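Visitor: how does the following fold in three dimensions:
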Amino acid sequence: MSINLSHLHSAITWLLEPVILILVAAVVIAVLEAGLAIGERLFGLKQLRKAGENALLKVARHRLERADFLARIPPMLGLMATIIPLGPGLAALGQGNPSLLAQAVTTAFDATVLGLLAGIIGLVIGKCRRRWYEEVLASLEQETQPQQA
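Guide: Numbering: from 1, shown residues only. Alright, predicted model coming up:
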């Protein structure tokens, strides 16, 4: 069984545009998630504390999962969108067309920046939220422990 590499190359090249669109969406989602985290820190944690430990754990699990996805997936997609245009760019250089290589490298670096930006925002949000939730849980546990005289 032989694989036609030109079809494989066409399919992989086709992936570049959707991956870049997903990266742009990831940056937008990361910025929105940062705004939600700020609101959560200012107002939401007090409400979660009042709701109790079970409600806090449910909400925390969901929100931390979103932050973890933002921290992990966009950098991988950024790497993918970095590598995809480099193949045709290097082929163009071999054919004496350095301007096409320059365009490919620019696209590659832009994709890397988008992926890292969304990932950094997701990582920071996740770390902050973990700390906030741990503090709220610790205070809830301290309140439920019987007072020792």
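
Visitor: where does this structure have its least confident helix or strand?
Guide: Among the helices and strands of the chain, helix 45-51 carries the lowest confidence by mean pLDDT, DSSP states H and E, at a mean of 86.

Visitor: after that helix, next one along is what?
Guide: Using DSSP states H and E, the helix or strand that follows helix 45-51 in sequence is helix 53-94.

Visitor: for the least confident helix or strand of the chain, list every residue counted as buried.
Guide: L45, L48, R49 (16 or more other CB atoms under 10 Å). No exception for glycine: its C-beta is placed from N, CA and C like everyone else's.

Visitor: so what's S139 up against?
Guide: R49 (CB atoms under 8 Å, 6 or more residues apart in numbering).

Visitor: tell me the confidence at it?
Guide: We have a pLDDT of 88 for S139.

Visitor: again with I125
Guide: 97.

Visitor: host element of it?
Guide: Here I125 is assigned to helix 98-144, by DSSP H and E.
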